[in-house]
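> Sequence first, then the predicted structure:
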Amino acid sequence: MYRLLRAPLQPVTYSRWLHLCVPVLLLAIWMFIEPEAPWAPLLIVVPFGLLPWVRLAEGLQAQFLLTPHDRGSAASTISTLPSSGWSDRWRTTLWLEIRMAVALGAMFPTVWLPVMTIELIRIAFFGYAPGADALLPFTPPRWCAGLLVPVPLVLLMVSVVLLGEMITAIARRLLGPSAAERLTALEARTEQLLERTRIARELHDSIGHALTVAVVQAGAARAAGDPEFTDRALLAIEETGRAALEDLERVLLVLRESAQSPSQRPTLAEADRLLNSARASGSAVDAELSGALEKLPGSVTQEGYRILQEALTNVLRHCGPVPVRVRIGVDAGGLDLEVTNPLPVRPTLMAGSGTGLRGMRERAALLGGLAETGPHEGSWRVRARLPLERIR
(Lines give C-alpha, C1' and ligand atoms only; values in the text may rest on other atoms or scores of the structure.)
Protein backbone atom coordinates (compact mmCIF):
# COMPACT_ATOMS: atom_id res chain seq x y z
CA MET A 1 0.00 0.00 0.00
CA TYR A 2 2.83 2.38 0.84
CA ARG A 3 4.45 1.68 -2.54
CA LEU A 4 1.22 2.62 -4.31
CA LEU A 5 1.07 5.89 -2.39
CA ARG A 6 4.68 6.67 -3.28
CA ALA A 7 4.31 5.67 -6.94
CA PRO A 8 2.99 9.04 -8.25
CA LEU A 9 6.14 10.74 -6.89
CA GLN A 10 8.64 8.35 -8.51
CA PRO A 11 9.93 9.10 -12.04
CA VAL A 12 10.26 5.38 -12.83
CA THR A 13 6.45 5.06 -12.67
CA TYR A 14 6.05 7.40 -15.63
CA SER A 15 8.97 5.95 -17.59
CA ARG A 16 7.38 2.51 -17.27
CA TRP A 17 4.06 4.00 -18.32
CA LEU A 18 5.77 5.34 -21.44
CA HIS A 19 7.19 1.87 -22.10
CA LEU A 20 3.67 0.44 -21.92
CA CYS A 21 2.31 3.12 -24.26
CA VAL A 22 4.80 2.52 -27.09
CA PRO A 23 3.20 -0.72 -28.35
CA VAL A 24 -0.26 0.69 -27.54
CA LEU A 25 0.36 3.39 -30.13
CA LEU A 26 1.36 0.77 -32.69
CA LEU A 27 -1.75 -1.26 -31.93
CA ALA A 28 -3.92 1.84 -32.19
CA ILE A 29 -2.52 2.59 -35.66
CA TRP A 30 -3.05 -1.00 -36.73
CA MET A 31 -6.64 -1.06 -35.46
CA PHE A 32 -7.29 2.11 -37.45
CA ILE A 33 -6.01 0.35 -40.57
CA GLU A 34 -7.48 -3.13 -39.98
CA PRO A 35 -9.91 -3.15 -37.03
CA GLU A 36 -11.13 -6.66 -37.86
CA ALA A 37 -7.77 -8.31 -37.05
CA PRO A 38 -6.37 -6.88 -33.80
CA TRP A 39 -4.33 -10.07 -33.34
CA ALA A 40 -2.28 -9.57 -36.52
CA PRO A 41 0.56 -7.57 -34.84
CA LEU A 42 1.32 -10.66 -32.74
CA LEU A 43 2.31 -12.46 -35.95
CA ILE A 44 4.05 -9.48 -37.52
CA VAL A 45 6.62 -9.13 -34.70
CA VAL A 46 7.77 -12.78 -34.90
CA PRO A 47 10.39 -12.35 -37.66
CA PHE A 48 11.70 -9.19 -36.01
CA GLY A 49 12.53 -11.14 -32.84
CA LEU A 50 14.92 -13.31 -34.86
CA LEU A 51 17.09 -10.34 -35.85
CA PRO A 52 20.13 -9.98 -33.52
CA TRP A 53 19.99 -6.18 -33.26
CA VAL A 54 16.34 -6.23 -32.08
CA ARG A 55 17.48 -7.67 -28.74
CA LEU A 56 19.95 -4.80 -28.46
CA ALA A 57 17.24 -2.21 -29.19
CA GLU A 58 14.75 -3.79 -26.79
CA GLY A 59 17.38 -4.10 -24.08
CA LEU A 60 18.36 -0.44 -24.35
CA GLN A 61 14.73 0.66 -24.28
CA ALA A 62 14.01 -1.56 -21.28
CA GLN A 63 17.06 -0.27 -19.40
CA PHE A 64 16.18 3.37 -20.02
CA LEU A 65 12.46 3.08 -19.23
CA LEU A 66 11.98 0.06 -16.94
CA THR A 67 15.17 0.00 -14.84
CA PRO A 68 16.77 3.46 -15.19
CA HIS A 69 18.45 3.05 -11.78
CA ASP A 70 20.47 0.11 -13.14
CA ARG A 71 21.44 1.76 -16.43
CA GLY A 72 25.15 1.45 -17.12
CA SER A 73 25.74 -0.72 -14.07
CA ALA A 74 27.85 -3.86 -14.33
CA ALA A 75 25.18 -5.65 -12.28
CA SER A 76 22.34 -4.68 -14.62
CA THR A 77 19.69 -7.39 -14.93
CA ILE A 78 18.86 -6.46 -18.54
CA SER A 79 21.34 -7.13 -21.33
CA THR A 80 22.17 -4.63 -24.06
CA LEU A 81 23.94 -7.02 -26.41
CA PRO A 82 22.70 -8.41 -29.74
CA SER A 83 21.48 -11.99 -29.90
CA SER A 84 24.42 -14.37 -30.06
CA GLY A 85 22.49 -17.62 -30.49
CA TRP A 86 19.10 -19.12 -31.14
CA SER A 87 18.29 -19.15 -27.45
CA ASP A 88 18.60 -15.35 -27.36
CA ARG A 89 16.55 -15.03 -30.55
CA TRP A 90 13.67 -17.13 -29.23
CA ARG A 91 13.68 -15.30 -25.93
CA THR A 92 13.53 -11.98 -27.80
CA THR A 93 10.64 -13.24 -29.92
CA LEU A 94 8.76 -14.37 -26.82
CA TRP A 95 9.44 -10.99 -25.23
CA LEU A 96 7.94 -9.16 -28.23
CA GLU A 97 4.87 -11.39 -28.14
CA ILE A 98 4.32 -10.86 -24.43
CA ARG A 99 4.91 -7.14 -24.79
CA MET A 100 2.25 -6.86 -27.47
CA ALA A 101 -0.16 -8.96 -25.40
CA VAL A 102 0.44 -6.77 -22.35
CA ALA A 103 -0.13 -3.72 -24.53
CA LEU A 104 -3.54 -5.08 -25.51
CA GLY A 105 -4.36 -5.51 -21.83
CA ALA A 106 -2.92 -2.08 -20.99
CA MET A 107 -5.03 -0.31 -23.59
CA PHE A 108 -7.99 0.04 -21.22
CA PRO A 109 -6.18 1.63 -18.26
CA THR A 110 -3.79 3.75 -20.34
CA VAL A 111 -6.32 5.05 -22.88
CA TRP A 112 -9.87 4.56 -21.65
CA LEU A 113 -9.46 5.58 -18.01
CA PRO A 114 -8.09 9.06 -18.90
CA VAL A 115 -10.98 9.47 -21.37
CA MET A 116 -13.47 8.48 -18.68
CA THR A 117 -11.93 11.08 -16.36
CA ILE A 118 -12.43 13.76 -19.00
CA GLU A 119 -16.07 12.70 -19.49
CA LEU A 120 -16.73 12.89 -15.74
CA ILE A 121 -15.18 16.37 -15.61
CA ARG A 122 -17.37 17.55 -18.48
CA ILE A 123 -20.48 16.19 -16.77
CA ALA A 124 -19.58 17.72 -13.39
CA PHE A 125 -18.74 21.20 -14.70
CA PHE A 126 -20.67 21.60 -17.94
CA GLY A 127 -23.56 19.15 -17.59
CA TYR A 128 -22.38 17.34 -20.72
CA ALA A 129 -24.41 14.22 -21.56
CA PRO A 130 -22.23 11.50 -23.15
CA GLY A 131 -23.38 10.07 -26.45
CA ALA A 132 -23.81 6.48 -27.50
CA ASP A 133 -20.07 6.04 -27.98
CA ALA A 134 -19.20 7.20 -24.46
CA LEU A 135 -17.01 4.97 -22.29
CA LEU A 136 -18.98 5.53 -19.10
CA PRO A 137 -21.33 2.63 -18.31
CA PHE A 138 -23.92 5.15 -17.10
CA THR A 139 -24.43 8.90 -16.89
CA PRO A 140 -24.21 10.01 -13.24
CA PRO A 141 -25.70 13.24 -11.87
CA ARG A 142 -23.47 16.30 -11.89
CA TRP A 143 -22.79 16.16 -8.13
CA CYS A 144 -21.95 12.45 -8.34
CA ALA A 145 -19.70 12.94 -11.39
CA GLY A 146 -17.59 15.42 -9.43
CA LEU A 147 -17.06 12.86 -6.68
CA LEU A 148 -16.19 10.12 -9.19
CA VAL A 149 -13.51 12.13 -11.04
CA PRO A 150 -10.57 10.79 -8.92
CA VAL A 151 -11.68 7.14 -9.26
CA PRO A 152 -10.41 6.55 -12.84
CA LEU A 153 -7.17 8.34 -11.97
CA VAL A 154 -6.57 6.11 -8.95
CA LEU A 155 -7.36 3.02 -11.04
CA LEU A 156 -5.02 4.31 -13.73
CA MET A 157 -2.12 4.74 -11.28
CA VAL A 158 -2.70 1.31 -9.72
CA SER A 159 -2.84 -0.31 -13.18
CA VAL A 160 0.30 1.45 -14.36
CA VAL A 161 2.26 0.44 -11.25
CA LEU A 162 1.16 -3.22 -11.39
CA LEU A 163 1.64 -3.55 -15.15
CA GLY A 164 5.01 -1.80 -14.87
CA GLU A 165 6.19 -4.22 -12.20
CA MET A 166 4.98 -7.15 -14.27
CA ILE A 167 6.61 -6.07 -17.54
CA THR A 168 9.86 -5.27 -15.70
CA ALA A 169 9.98 -8.75 -14.16
CA ILE A 170 9.34 -10.30 -17.59
CA ALA A 171 12.05 -8.13 -19.17
CA ARG A 172 14.59 -9.23 -16.58
CA ARG A 173 13.74 -12.85 -17.35
CA LEU A 174 13.67 -12.71 -21.16
CA LEU A 175 16.11 -9.86 -21.87
CA GLY A 176 18.49 -10.71 -19.03
CA PRO A 177 22.07 -11.80 -19.70
CA SER A 178 22.48 -15.29 -21.09
CA ALA A 179 24.70 -17.87 -19.41
CA ALA A 180 27.55 -17.04 -21.80
CA GLU A 181 27.20 -13.31 -21.09
CA ARG A 182 27.17 -13.88 -17.33
CA LEU A 183 30.29 -16.04 -17.61
CA THR A 184 32.05 -13.38 -19.68
CA ALA A 185 31.12 -10.66 -17.19
CA LEU A 186 32.29 -12.86 -14.30
CA GLU A 187 35.63 -13.51 -16.02
CA ALA A 188 36.10 -9.78 -16.66
CA ARG A 189 35.28 -8.99 -13.03
CA THR A 190 37.70 -11.66 -11.84
CA GLU A 191 40.46 -10.28 -14.05
CA GLN A 192 39.79 -6.81 -12.69
CA LEU A 193 39.97 -7.97 -9.07
CA LEU A 194 43.15 -9.94 -9.75
CA GLU A 195 44.72 -6.88 -11.37
CA ARG A 196 43.81 -4.71 -8.39
CA THR A 197 45.26 -7.29 -6.01
CA ARG A 198 48.45 -7.45 -8.05
CA ILE A 199 48.77 -3.66 -8.06
CA ALA A 200 48.23 -3.56 -4.28
CA ARG A 201 50.99 -6.13 -3.82
CA GLU A 202 53.29 -4.19 -6.15
CA LEU A 203 52.77 -0.99 -4.17
CA HIS A 204 53.20 -2.77 -0.84
CA ASP A 205 56.41 -4.49 -1.91
CA SER A 206 58.16 -1.68 -3.78
CA ILE A 207 57.13 1.35 -1.74
CA GLY A 208 57.29 -0.56 1.54
CA HIS A 209 60.82 -1.71 0.76
CA ALA A 210 61.95 1.81 -0.15
CA LEU A 211 60.49 3.36 2.98
CA THR A 212 61.96 0.65 5.20
CA VAL A 213 65.45 1.14 3.71
CA ALA A 214 65.15 4.91 4.05
CA VAL A 215 64.09 4.69 7.71
CA VAL A 216 66.89 2.24 8.59
CA GLN A 217 69.51 4.28 6.74
CA ALA A 218 68.42 7.55 8.35
CA GLY A 219 68.42 6.00 11.81
CA ALA A 220 71.86 4.43 11.32
CA ALA A 221 73.33 7.67 9.97
CA ARG A 222 71.97 9.66 12.89
CA ALA A 223 73.33 7.15 15.41
CA ALA A 224 76.76 6.83 13.76
CA GLY A 225 77.62 10.52 13.66
CA ASP A 226 80.15 9.83 10.88
CA PRO A 227 80.01 12.22 7.88
CA GLU A 228 81.34 9.56 5.52
CA PHE A 229 78.77 7.01 6.65
CA THR A 230 76.06 9.68 6.41
CA ASP A 231 77.03 10.37 2.80
CA ARG A 232 76.78 6.66 1.95
CA ALA A 233 73.42 6.43 3.71
CA LEU A 234 72.04 9.41 1.79
CA LEU A 235 73.27 7.92 -1.48
CA ALA A 236 71.52 4.62 -0.67
CA ILE A 237 68.30 6.46 0.23
CA GLU A 238 68.50 8.39 -3.06
CA GLU A 239 68.97 5.24 -5.16
CA THR A 240 66.24 3.35 -3.34
CA GLY A 241 63.84 6.29 -3.64
CA ARG A 242 64.54 6.62 -7.36
CA ALA A 243 63.80 2.94 -7.92
CA ALA A 244 60.60 3.25 -5.87
CA LEU A 245 59.50 6.23 -7.97
CA GLU A 246 59.98 4.17 -11.14
CA ASP A 247 57.82 1.38 -9.68
CA LEU A 248 55.20 3.89 -8.57
CA GLU A 249 55.08 5.52 -12.01
CA ARG A 250 54.62 2.14 -13.67
CA VAL A 251 51.77 1.19 -11.33
CA LEU A 252 50.07 4.55 -11.83
CA LEU A 253 50.22 4.07 -15.59
CA VAL A 254 48.34 0.81 -15.18
CA LEU A 255 45.75 2.46 -12.93
CA ARG A 256 45.19 5.25 -15.43
CA GLU A 257 44.88 2.73 -18.29
CA SER A 258 47.17 4.91 -20.32
CA ALA A 259 47.95 3.97 -23.90
CA GLN A 260 51.64 4.32 -23.05
CA SER A 261 53.17 0.92 -22.33
CA PRO A 262 54.47 0.65 -18.74
CA SER A 263 58.12 -0.12 -18.14
CA GLN A 264 59.12 -3.72 -17.56
CA ARG A 265 58.75 -5.07 -14.06
CA PRO A 266 62.05 -5.76 -12.25
CA THR A 267 63.45 -9.29 -12.42
CA LEU A 268 65.93 -11.42 -10.50
CA ALA A 269 68.58 -10.33 -12.99
CA GLU A 270 68.46 -7.07 -11.01
CA ALA A 271 68.71 -8.79 -7.62
CA ASP A 272 72.02 -7.01 -6.96
CA ARG A 273 70.06 -3.79 -6.55
CA LEU A 274 68.17 -5.26 -3.59
CA LEU A 275 71.27 -6.87 -2.11
CA ASN A 276 73.28 -3.66 -2.34
CA SER A 277 70.42 -1.73 -0.80
CA ALA A 278 70.38 -4.11 2.17
CA ARG A 279 74.19 -3.88 2.49
CA ALA A 280 74.00 -0.09 2.42
CA SER A 281 71.54 -0.29 5.32
CA GLY A 282 74.20 -2.01 7.43
CA SER A 283 73.30 -5.66 6.90
CA ALA A 284 76.05 -8.14 6.11
CA VAL A 285 74.54 -9.96 3.13
CA ASP A 286 75.98 -13.35 2.20
CA ALA A 287 74.52 -13.94 -1.28
CA GLU A 288 74.92 -16.94 -3.53
CA LEU A 289 73.27 -16.83 -6.94
CA SER A 290 73.57 -19.82 -9.25
CA GLY A 291 71.98 -20.78 -12.52
CA ALA A 292 70.79 -18.81 -15.53
CA LEU A 293 68.63 -16.22 -13.79
CA GLU A 294 68.40 -14.15 -16.97
CA LYS A 295 66.73 -17.06 -18.81
CA LEU A 296 63.88 -17.55 -16.36
CA PRO A 297 60.32 -17.05 -17.66
CA GLY A 298 59.01 -13.54 -17.08
CA SER A 299 56.39 -14.41 -14.49
CA VAL A 300 58.80 -16.56 -12.44
CA THR A 301 61.65 -14.06 -12.35
CA GLN A 302 59.33 -11.10 -11.65
CA GLU A 303 57.49 -12.81 -8.79
CA GLY A 304 60.81 -14.14 -7.46
CA TYR A 305 62.16 -10.58 -7.36
CA ARG A 306 59.15 -9.42 -5.34
CA ILE A 307 59.45 -12.31 -2.90
CA LEU A 308 63.14 -11.50 -2.36
CA GLN A 309 62.31 -7.81 -1.95
CA GLU A 310 59.64 -8.50 0.66
CA ALA A 311 61.90 -10.92 2.55
CA LEU A 312 64.72 -8.34 2.78
CA THR A 313 62.21 -5.63 3.72
CA ASN A 314 60.94 -7.75 6.62
CA VAL A 315 64.50 -8.31 7.83
CA LEU A 316 65.27 -4.60 7.93
CA ARG A 317 61.88 -3.69 9.37
CA HIS A 318 61.77 -6.22 12.20
CA CYS A 319 65.44 -7.03 12.91
CA GLY A 320 67.43 -4.05 11.68
CA PRO A 321 70.90 -4.36 10.11
CA VAL A 322 71.56 -8.03 10.94
CA PRO A 323 73.50 -10.63 8.91
CA VAL A 324 71.42 -12.10 6.08
CA ARG A 325 72.08 -15.17 3.98
CA VAL A 326 70.51 -15.25 0.50
CA ARG A 327 70.53 -18.35 -1.70
CA ILE A 328 69.01 -18.22 -5.20
CA GLY A 329 69.37 -21.18 -7.49
CA VAL A 330 67.88 -22.32 -10.80
CA ASP A 331 67.72 -25.94 -11.90
CA ALA A 332 65.75 -27.87 -14.51
CA GLY A 333 62.69 -28.07 -12.27
CA GLY A 334 62.37 -24.52 -11.04
CA LEU A 335 63.63 -21.63 -8.98
CA ASP A 336 64.71 -22.00 -5.34
CA LEU A 337 64.93 -18.90 -3.19
CA GLU A 338 65.93 -18.81 0.46
CA VAL A 339 66.53 -15.87 2.79
CA THR A 340 67.74 -16.57 6.34
CA ASN A 341 68.44 -14.14 9.17
CA PRO A 342 68.74 -14.30 12.98
CA LEU A 343 65.48 -14.29 14.89
CA PRO A 344 64.50 -10.88 16.26
CA VAL A 345 64.41 -10.14 19.96
CA ARG A 346 60.62 -10.44 19.80
CA PRO A 347 59.99 -13.36 17.40
CA THR A 348 56.26 -12.66 17.25
CA LEU A 349 57.00 -9.60 15.15
CA MET A 350 57.84 -11.82 12.19
CA ALA A 351 55.59 -14.73 12.94
CA GLY A 352 52.30 -13.06 12.13
CA SER A 353 50.18 -13.44 9.02
CA GLY A 354 50.64 -9.89 7.75
CA THR A 355 50.15 -8.59 4.24
CA GLY A 356 53.77 -9.14 3.25
CA LEU A 357 53.99 -12.79 4.31
CA ARG A 358 50.57 -13.52 2.82
CA GLY A 359 51.61 -11.77 -0.39
CA MET A 360 54.70 -13.99 -0.73
CA ARG A 361 52.59 -17.12 -0.33
CA GLU A 362 50.02 -15.84 -2.83
CA ARG A 363 52.69 -15.00 -5.41
CA ALA A 364 54.14 -18.50 -5.18
CA ALA A 365 50.71 -20.18 -5.22
CA LEU A 366 49.65 -18.33 -8.38
CA LEU A 367 52.58 -19.96 -10.20
CA GLY A 368 51.87 -23.39 -8.73
CA GLY A 369 54.72 -23.09 -6.26
CA LEU A 370 55.10 -22.91 -2.50
CA ALA A 371 56.45 -20.29 -0.08
CA GLU A 372 57.22 -21.07 3.55
CA THR A 373 57.99 -18.52 6.26
CA GLY A 374 58.84 -19.11 9.88
CA PRO A 375 61.52 -20.07 12.42
CA HIS A 376 64.03 -22.71 11.27
CA GLU A 377 67.01 -24.01 13.29
CA GLY A 378 67.27 -20.89 15.41
CA SER A 379 66.86 -18.46 12.51
CA TRP A 380 64.02 -16.92 10.57
CA ARG A 381 63.74 -18.39 7.07
CA VAL A 382 61.81 -17.49 3.95
CA ARG A 383 61.90 -20.28 1.41
CA ALA A 384 60.13 -20.31 -1.95
CA ARG A 385 60.00 -22.86 -4.74
CA LEU A 386 58.63 -21.70 -8.10
CA PRO A 387 58.27 -24.47 -10.70
CA LEU A 388 59.04 -23.94 -14.38
CA GLU A 389 57.11 -26.82 -15.96
CA ARG A 390 53.65 -25.25 -15.64
CA ILE A 391 54.91 -21.91 -16.91
CA ARG A 392 56.48 -23.44 -19.99
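Thanks, I have it. A quick note: this is a predicted structure, and the numbers were derived from the prediction, not measured.
> wait, what's in contact with G304?
Neighbouring residues of G304 by Cβ atoms under 8 Å, 6 or more residues apart in numbering: T267, L268, L296, I328, L335, L337, A384, L386. Quick note: C-beta positions are derived from backbone N, CA and C, even for glycine.
> surely the third one meets G334?
No: applying Cβ atoms under 8 Å, one finds L296 not in contact with G334, separated by 9.4 Å.
> Cross the contacts of G304 against strands and list the overlap.
Among these, DSSP state E puts I328, L335, L337, A384, L386 in strands.
> Got the confidence number for the residue nearest the centre of the chain?
Nearest to the geometric centre of the chain sits R189, at 4.9 Å (Cα atoms, centre = their mean). Note on R189: pLDDT of 71.
> ok, now the one 3 residues further on?
Taken from the predicted model, the pLDDT recorded for Q192 is 67.
> which helices and strands sit right next to the helix or strand harbouring R16?
Using DSSP states H and E, R16 sits in helix 11-33. When contacts are defined as 3 or more Cβ pairs under 8 Å, 6 or more residues apart in numbering; DSSP states H and E, helix 11-33 sits against helix 40-44, helix 52-65, helix 86-107, helix 150-174.
> Can I get those helices in JSON lines including mean neighbour count and mean pLDDT?
Converted to JSON lines, those look like this (neighbours: other Cβ atoms under 10 Å; pLDDT from 0 to 100):
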{"stretch": "helix 40-44", "mean neighbour count": "14", "mean pLDDT": "82"}
{"stretch": "helix 52-65", "mean neighbour count": "19", "mean pLDDT": "91"}
{"stretch": "helix 86-107", "mean neighbour count": "18", "mean pLDDT": "88"}
{"stretch": "helix 150-174", "mean neighbour count": "17", "mean pLDDT": "89"}
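> Which one of those helices lies nearest to D226?
Among the helices and strands packed on helix 11-33, helix 52-65 comes nearest to D226, with 69.8 Å by Cβ to Cβ.
> Residues contacting the closest one, please?
15-16, 18-19, 22, 48, 70-71, 76, 78-84, 88-89, 91-92, 95-96, 168, 171, 175.
> what does stretch 370-385 give?
Contact partners of stretch 370-385, identified using Cβ under 8 Å, 6+ apart, comprise 304, 307, 311, 314-315, 319, 334-344, 347, 350-351, 357, 360-361, 363-365, 369.
> Check stretch 275-295 too.
Contact with stretch 275-295 is made by 209, 213, 216-217, 220, 232-233, 235-236, 239-240, 267-269, 271, 301, 312, 315-316, 320-331, 335, as judged by Cβ under 8 Å, 6+ apart.
> For it, measure first residue to last.
Terminal residues of stretch 275-295 are spaced 20 Å apart (Cα to Cα, to the nearest Å).
> What's the local residue count around S290?
11 (other Cβ atoms under 10 Å).
> From what I see, G334 and P387 are in contact.
Yes: counting by Cβ under 8 Å, G334 does reach P387; the two are 4.1 Å apart.
> Which one of these two is surrounded by more residues?
Neighbours were counted for G334 and for P387 using other Cβ under 10 Å; G334 has more, 22 against 16.
> Now do the contacts for that one.
Under the criterion of Cβ under 8 Å, 6+ apart, the neighbours of G334 are V300, G369, R385, L386, P387, L388, E389.
> run the last query once more with 10 Å
296, 300, 304, 367-369, 384-391 (Cβ atoms under 10 Å, 6 or more residues apart in numbering).
> what are the ranges of the strands in the stretch 201-350 of the chain?
Here the stretch 201-350 of the chain has its strands, by DSSP state E, counting those that start in this stretch, at 285-290, 324-330, 334-342.
> contacting residues for the closest residue in space to V339 that isn't next to it in sequence?
Leaving aside its sequence neighbours, V339 sits nearest to A311 (Cβ to Cβ, 6 or more residues apart in numbering; 4.0 Å). Neighbour list for A311: 209, 274, 278, 324, 326, 337-341, 356-357, 360, 371, 373, 380-384 [criterion: Cβ under 10 Å, 6+ apart].
> Now, of those, which are buried?
For the contacts of A311, a burial check counting by 16 or more other Cβ atoms under 10 Å picks out 209, 274, 278, 324, 326, 337-341, 356-357, 360, 371, 373, 380-384.
> Now do the phi/psi pair for C319.
Dihedral pair for C319: phi -120, psi -20, per degrees, to the nearest 10.
> count of neighbours near it?
By the criterion of other Cβ under 10 Å, C319 has 20 neighbours.
> so it makes contact with P344?
Yes: at 4.6 Å, C319 counts as touching P344 under the criterion of Cβ atoms under 10 Å.
> In ChimeraX, how would I select just the buried ones from the contacts of G334?
Buried residues among the contacts of G334 (16+ other Cβ under 10 Å), as a ChimeraX selection:
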select :296,300,304,367,369,384,385,386,387,388
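> Closest one of the contacts of G334 to L9?
L367 (56.7 Å).
> Just the pLDDT for the nearest residue to that closest one once chain neighbours are set aside.
Once flanking residues are discounted, L367 sits nearest to L386: 5.2 Å by Cβ to Cβ, 6+ apart. For L386, the pLDDT comes out at 90.
> Who does L386 form a beta bridge with?
Beta bridges link L386 to L335 when assigned by DSSP bridges.
> Quick check: the gap between it and A364.
Here L386 is placed at a distance of 6 Å from A364 (Cβ to Cβ, to the nearest Å).
> Could you pull up the residues touching T212?
Shown in contact with T212 (Cβ under 10 Å, 6+ apart): T240, S277, S281, L312, T313, N314, V315, L316, R317, H318.
> redo that, cut-off 8 Å
By Cβ under 8 Å, 6+ apart, the neighbours of T212 are T313, L316, R317.
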